[in-house]
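Peer 1: Based on what follows, work out the 3D shape:
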Amino acid sequence: MKTFKTILLPLFLFTTLLAACGGGGGGGSSAPTASDNSVLLGGAIQGKALSLSGTVSTLAGVKVGADGVGALAQFGQPHGVVLIGTSLYVADTINGNIRKVDTATGAVSTVAGVAGDRRHVDGSGAEARFTYPWALATDGTNLYVSDYSEHTIRKLVLSTREVSTLAGTVNAAGNADGIASAASFSYPLGLATDGAYLYVADTGNRKIRRITIATGEVSTLAGGVSSNSAVDGIGAAAVFRLPSGLVLDGANLYVADAYSIRRVVVATAEVSTLAGSGVRGSADGTGQSASFNSVSALATDGTNLYAADAFNDTVRKIVIATGAVTTIAGTAGEAGSVDGIGAAARLNTPAGVATDGTSLYIADSQNGTIRKLVLATGEVSTLAGAPRITELRVSQVTTDGTNLYATDYYTVKKIVIATGAISTLAGVAGSEGHVDGVGAAARFEGLLGITTDGVNLFVSDGNTIRKIVIATGVVSTLAGDPLQEGSADGVGSAARFDSPYGITTDGKNLYVADLDNYTIRKIVIASGAVTTLAGAPGVLSGPVDGIGAAARFSSVSGITTDGANLYVTEVGAVRKIVIATGAVSTLAGTNGGGTSADGVGAAARFGYLQGLTTDGTNLYVADFGANTIRKVVIATGAVTTLAGQVDIAGSADGTGTAASFGSPYDITTDGKSLYVADPDNNVVRKIQ
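Peer 2: Now for the predicted structure:
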């Protein structure tokens, strides 16, 4: 069974280094909803072409990023943390800035960067910009920051708040040793320093790199072979699985390597395994009898290591002398936000740790908080930030014309369009599982796509498709098995899916973008019968146009329908599927992604597509990678940019390019306006 952690972008590096695609807009009934012949179809109100100025406003939610004391401060998704005296510095990854927490008072302030404005700009304080700052290291005078999606290492002088680029080629992944910008990294994560050298976990290259701070010269200390296994050895003969967190105790460098803790003797580059079996698990024990599940960061008091065991939702202690591993906070597999002692506390994907020898400070990333663990007693408390369960982190949206319905991790939210009022329809925030039931008694594994026929909601959840009766909140499982993934057609629980994402409906059938099967599936709502409409299960060789099983997809994500056709987003293309025949063609864009250009058909380019919706005449697409909303004329394939600044992340309301988004995930329409899930900004946006 897979663990579905909807962590948005950063933590995908622990497992695949491929960004996960989100699912698109909704479903519908063909019953008229207004005198102008508009209908509820594809999770949107269709039938009349929208007339939009591109003016963006915020409908619901409170934007993250506020400074303040304790719970009044807000974090986007904190990761790296380091201590200097009573100042805890935090890489607030999703907000794209560096924060400081006073450990005595819980007061939070911003040191450099601007919340929500993610770019790569050197400068002082608020003039500087970071894209996705991940890990931090310090020599007491400077902070060093891995700006992982830009593939660079940044330097922040604490006395002046001046930010510069120390090494790496901006926005260009590579594997070259060299000086400063002549060197290149691939998604660097963990950092550690002894004052003269900076050590880098070069995650994408599976290497440990070393930077001479005085000159910016980059060399390779150990690793480099691409493998899913961990192999001990010296220098280049050693193999890392997915190095992330680093900590240094002088002579040795310790590496969080997915499911194990590795040790590198700095003088000789000899790599050995201190603890962990190399296979995911949560067992305490000594050496290789212990197991971890994606360790993201390490800290040390000189005698012990402390590990943020991200996907176990725990903090672990490793005795350096013996390799003995114990769990000191949280309970494996039970994510939450609960203060308490030891196993009674609940964490949600801890991503950073730092210690002063008495307490451990934890970046509890998915809760959006900084937690404090007293080492002598095991007591966990919340130092700063408001638990994410109080926020609105929706990734997918659908509408019946009056309300929006949204997936928010483990809950389904209802948002009244007229007022922006938010309520929870089903599930419990922070509580993961697969349980049918009513309202708060139901549990979800990790909600993704959502659609509606006006009476029911349908959601993709783990490897299943669930049904929610809007009037009562009753949740049931329509198709798939939560404990088994696969690609089998069949009825109800006999069918198998593999990471279904986007979902839509024509009122009688559901259509599902089955991500890891590279297929489009059809489900008869009345019977739960599942068949494959297009694509070949498990065959990644797309996009290739064709009919039914002859067609190929590369990474299906968003999906919507106008009743006769399906429209599907891949990374850089919009595909069209004729429902009656299964014929697949490419409407706009090409395979790949990473650039943005308006144009017609194959001449258009998209950054990284997620959800989409239609008014029946045009498609509106959330271009997650370019931070824009794009319009596609169905009849011609002509693509234009409706709102947002290309490749500029932000949270500004405004018209056209004056507005900015933080990686928009999904989109729907009530026949008058568009509604955009903007999870990095903690809000739902409206476009008129």
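Peer 1: Residue ranges of each domain in the chain, please.
Peer 2: 10-62+392-687, 80-388 (automatic domain parsing).
Peer 1: want to throw these into a markdown table with mean pLDDT, mean neighbour count and distance to A71?
Peer 2: Placement of C-beta: from N, CA and C, glycine included. Formatted as a markdown table, these follow (pLDDT from 0 to 100; neighbours: other CB atoms under 10 Å; distance: least, CB to CB, whole Å):
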| stretch | mean pLDDT | mean neighbour count | distance to A71 |
| --- | --- | --- | --- |
| domain 10-62+392-687 | 90 | 22 | 13 |
| domain 80-388 | 95 | 21 | 5 |
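Peer 1: TSV please, covering those domains and showing distance to G70.
Peer 2: Output for those, formatted as TSV (distance: least, CB to CB, whole Å):
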stretch	distance to G70
domain 10-62+392-687	16
domain 80-388	4
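Peer 1: of all those, which lies closest to G68?
Peer 2: domain 80-388 (6.1 Å; CB to CB).
Peer 1: one step back: could you name the stretch from the domains of the chain that's closest to Q74?
Peer 2: Relative to Q74, the nearest member of these by CB to CB is domain 80-388, separated by 6.0 Å.
Peer 1: ok, back up a step: to A73, which of the domains of the chain lies closest?
Peer 2: A73 lies closest to domain 80-388 among those, at 3.6 Å (CB to CB).
Peer 1: residue contacts, Y361?
Peer 2: Residues near Y361 by CB atoms under 8 Å, 6 or more residues apart in numbering: 81, 83, 88, 101, 103, 353-355, 370-373, 383.
Peer 1: now with 10 Å?
Peer 2: 81-83, 88, 90, 101, 103, 299, 352-355, 370-373, 383-384 (CB atoms under 10 Å, 6 or more residues apart in numbering).
Peer 1: Among those, which ones are in helices?
Peer 2: Among the contacts of Y361, no member is found in helices (DSSP state H).
Peer 1: A321 is in contact with R263, correct?
Peer 2: No: here R263 does not reach A321: they are 11.8 Å apart, not a contact under CB atoms under 10 Å.
Peer 1: Restricted to strands, list the contacts of Y361.
Peer 2: Those of those mapping onto strands are 81-83, 88, 90, 101, 299, 352-355, 370-373, 383-384, per DSSP state E.
Peer 1: For V69, find the nearest of the domains of the chain.
Peer 2: Among these, domain 80-388 comes nearest to V69, with 4.8 Å by CB to CB.
Peer 1: Distance-wise, check V82 relative to V264.
Peer 2: Note on V82: its distance to V264, by CB to CB, to the nearest Å, is 20 Å.
Peer 1: Equivalent analysis for N171, please.
Peer 2: Separation of N171 from V264 (CB to CB): 29 Å.
Peer 1: If you drop the residues flanking it in sequence, what lies closest to L248?
Peer 2: Spatial nearest neighbour of L248, excluding adjacent residues (CB to CB, 6 or more residues apart in numbering): A192 at 4.2 Å.
Peer 1: In terms of helices and strands, where is the one you found?
Peer 2: Secondary structure from DSSP states H and E places A192 in strand 188-193.
Peer 1: So K576: helix, strand or coil?
Peer 2: strand (DSSP: H, G, I helix; E, B strand; the rest coil).
Peer 1: Pretty sure it sits against T614.
Peer 2: No: contact criterion CB under 10 Å: K576 and T614 do not qualify, at 11.1 Å.
Peer 1: Overlap of the contact sets of those two?
Peer 2: Residues touching both K576 and T614 by CB under 10 Å, 6+ apart: D562, N565, Y567, I634.
Peer 1: Let me see the contact set for the second one.
Peer 2: Yep, that's N565 we're talking about. Contacts of N565 (CB under 10 Å, 6+ apart): K576, I577, V578, I579, A580, A583, S585, L587, T614, I634.
Peer 1: If the third one is in a bridge, with which residues?
Peer 2: Beta-bridge pairing of V578, defined through DSSP bridges, involves N565.
Peer 1: for the shared contacts of K576 and T614, which one is nearest Y665?
Peer 2: Minimum distance to Y665 across the shared contacts of K576 and T614 is 16.7 Å, recorded for Y567 (CB to CB).
Peer 1: so how far is V574 from the closest one?
Peer 2: 6 Å.
Peer 1: who touches both of these two?
Peer 2: Counting by CB under 10 Å, 6+ apart, the residues touching both Y567 and V574 are G558, L587, A588, L612, L619, V621, V632, I634.
Peer 1: Was I right to think the second one contacts A573?
Peer 2: Yes: applying CB under 10 Å as the test, L587 and A573 come out as touching, 7.9 Å apart.
Peer 1: joint contacts of those two?
Peer 2: Common contacts of L587 and A573 (CB under 10 Å, 6+ apart): A602, A604.
Peer 1: returning to what we had before: could the shared contacts of Y567 and V574 go into CSV alongside distance to R685?
Peer 2: Converted to CSV, the shared contacts of Y567 and V574 look like this (distance: CB to CB, whole Å):
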residue, distance to R685
G558, 17
L587, 25
A588, 23
L612, 16
L619, 18
V621, 15
V632, 19
I634, 23
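Peer 1: end to end, how far does stretch 622-629 reach?
Peer 2: Start-to-end span of stretch 622-629 (CA to CA, to the nearest Å) is 5 Å.
Peer 1: Over to stretch 273-283?
Peer 2: Stretch 273-283 stretches 16 Å from its first residue to its last (CA to CA).
Peer 1: Ok, stretch 291-304 next?
Peer 2: Across stretch 291-304, the terminal residues are separated by 17 Å (CA to CA).
Peer 1: How far away from the center of its chain is the stretch of helix or strand A406 belongs to?
Peer 2: Assigned by DSSP H and E, A406 belongs to strand 403-408. Taking the mean of its C-alpha atoms, strand 403-408 sits 18 Å from the chain's own mean (CA atoms, centre = their mean, to the nearest Å).
Peer 1: next structured bit after it?
Peer 2: strand 411-416.
Peer 1: Sheet partners, orientation included, of that next one?
Peer 2: Strand 411-416 has the following strand partners under DSSP bridges: strand 403-408 (antiparallel), strand 422-427 (antiparallel).
Peer 1: all helices of this protein, in order?
Peer 2: Ranges of helices in the chain, per DSSP H: none exist.
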